[in-house]
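Asks: Here is a sequence together with a model predicted from it:
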Amino acid sequence: MPGLRTDWLPKARAAGADAVVLDLEDAVPAPDKPLARARVAEAVAEAAAEPAGGMALFVRVNPLDDWTAAEELRAVVRPGLAGVVLPKVHTAADVRFADRLIGWCEHEHGLPAGATTLVPLLESARALHDAYDIAAAAPRVAYVGALTAPGGDVERAVGYRWSPQGTETLALRSRVLLDVRAAGAPGPVTGLWTDIADLTGLRAFAEQNRALGYEGMMAVHPTHVPVINEVFAPTPEEVDRCARLVAAVEAAQRDGVGALTFEGRMVDEAMAETARAVLARHGHG
């Protein structure tokens, strides 16, 4: 959401968003950036007074190539902020610099070191190439992914021609995901689907990314949130199957059996561990 429109926050909450990103970068004209910064800082302060467990609040600051972003960090890194979205990241050095700045802001406001998540946006060919190093550059890094919207920074940097099927970015999204997983950064996300009215296309793109291994997706409109949540969350049937699989494997292990046939398929401890991870990730563990 544009940083000027903090009044839209209830719409995101009503749509079921896990988090919202208030944008101080591209969505705010240069003359309005001071006002947007003040409104976002006020929204962060209000979030600090809300009960824990609600919608997380992130802020996308400006690139760290002048003092604008440093001033924004000092204004928003305080209780109530879940994380900082950092645009125009090129190398791991950018992440380490942001990590130090955020750490100083945390100290200034009495926050524990590392309390603020950092979300690097991979928007250049260099950043996409160095995804592993960027994801591993600081412990606070999370939610890294390849945002391959049509006409954006990544399309311009790589030179592909976007299609709704995503064929031209499939290898790119797969490689970035592998890098992020190898680096140990949690919660890899992807996006964006910018055709607001095309929910069918959104669902197909989300399903493709879920099949690759992404855990979530950024949305550009509240109407996209229910579709994304439905795609990335397991169905009740999937949850039930995971629970039954774990129970079957553990029962077999108690009888000294390591592998067994479960609903027509061979399963063992590896499959049970995957099922446990699904249950834990979605609050059923």
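Replies: Noted; the coordinates are in hand.
Asks: Please make it C-alpha for all contacts and neighbour counts, starting now.
Replies: Will do.
Asks: Could you pull out the strands in this structure for me?
Replies: Listed in chain order, the strands of the chain (DSSP state E) span residues 19-23, 56-60, 83-89, 117-122, 189-190, 216-217, 260-262, 265-267.
Asks: From Thr169, how far off is the most centrally placed residue in the chain?
Replies: Against the mean C-alpha coordinate of the chain, by Cα atoms, centre = their mean, the closest residue is Tyr143 at 3.6 Å. Between Tyr143 and Thr169 the distance, using Cα to Cα, to the nearest Å, works out to 19 Å.
Asks: one step back: kindly reformat the strands of the chain as a markdown table containing mean neighbour count, distance to Glu106 and mean pLDDT.
Replies: Conversion of the strands of the chain to a markdown table gives the following (neighbours: other Cα atoms under 10 Å; distance: least, Cα to Cα, whole Å; pLDDT from 0 to 100):
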| stretch | mean neighbour count | distance to Glu106 | mean pLDDT |
| --- | --- | --- | --- |
| strand 19-23 | 22 | 19 | 96 |
| strand 56-60 | 24 | 15 | 97 |
| strand 83-89 | 22 | 11 | 95 |
| strand 117-122 | 24 | 11 | 95 |
| strand 189-190 | 24 | 25 | 92 |
| strand 216-217 | 24 | 27 | 94 |
| strand 260-262 | 13 | 50 | 97 |
| strand 265-267 | 12 | 46 | 97 |
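Asks: Make a markdown table from the ones you listed and add distance to Pro10 to it.
Replies: A markdown table is the format used below for the strands of the chain (distance: least, Cα to Cα, whole Å):
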| stretch | distance to Pro10 |
| --- | --- |
| strand 19-23 | 10 |
| strand 56-60 | 12 |
| strand 83-89 | 19 |
| strand 117-122 | 23 |
| strand 189-190 | 23 |
| strand 216-217 | 20 |
| strand 260-262 | 45 |
| strand 265-267 | 45 |
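Asks: just so I know, which of the ones you listed lies nearest Ala197?
Replies: Closest to Ala197 of the strands of the chain, according to Cα to Cα: strand 216-217, at 17.0 Å.
Asks: Within its sheet, name the partner strands of the closest one and how each one runs.
Replies: Strand 216-217 has these partner strands in its sheet, going by DSSP bridges: strand 189-190 (parallel).
Asks: What lies in contact with the partner strand?
Replies: Contacts made with strand 189-190 from outside it, assessed by Cα atoms under 8 Å, 6 or more residues apart in numbering, are listed as 143-148, 209, 214-218.
Asks: Off-centre distance for that strand?
Replies: 5 Å (Cα atoms, centre = their mean, to the nearest Å).
Asks: Could you do stretch 227-235 as well?
Replies: The chain centre lies 15 Å from the centre of stretch 227-235; the measure is Cα atoms, centre = their mean.
Asks: Other residues contacting it?
Replies: Outside stretch 227-235, the residues that touch it by Cα under 8 Å, 6+ apart are 16, 199, 202-203, 206-207, 210, 215-217, 282.
Asks: avg pLDDT for it?
Replies: Within the predicted structure, the mean pLDDT of stretch 227-235 is 95.
Asks: same question, stretch 100-115
Replies: Stretch 100-115 comes out at a mean pLDDT of 96.
Asks: Using PDB, list the CA coordinates for it.
Replies: Taking Å, rounded to 0.1, in the frame of the first residue of the first chain, the C-alpha atoms of stretch 100-115 are listed here in PDB:
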ATOM      1  CA  ARG A 100      23.900  -2.400  10.700                       C
ATOM      2  CA  LEU A 101      21.600   0.600  10.200                       C
ATOM      3  CA  ILE A 102      18.600  -1.300  11.500                       C
ATOM      4  CA  GLY A 103      20.600  -2.600  14.400                       C
ATOM      5  CA  TRP A 104      21.400   0.900  15.400                       C
ATOM      6  CA  CYS A 105      17.800   1.900  15.200                       C
ATOM      7  CA  GLU A 106      16.800  -1.100  17.300                       C
ATOM      8  CA  HIS A 107      19.300  -0.100  20.000                       C
ATOM      9  CA  GLU A 108      18.000   3.500  19.900                       C
ATOM     10  CA  HIS A 109      14.400   2.300  20.600                       C
ATOM     11  CA  GLY A 110      15.300  -0.400  23.100                       C
ATOM     12  CA  LEU A 111      14.400  -3.300  20.800                       C
ATOM     13  CA  PRO A 112      16.300  -6.600  21.000                       C
ATOM     14  CA  ALA A 113      18.900  -7.000  18.400                       C
ATOM     15  CA  GLY A 114      17.500  -8.800  15.400                       C
ATOM     16  CA  ALA A 115      13.900  -8.100  16.300                       C
END
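Asks: Since that was my last question, I'll sign off now.
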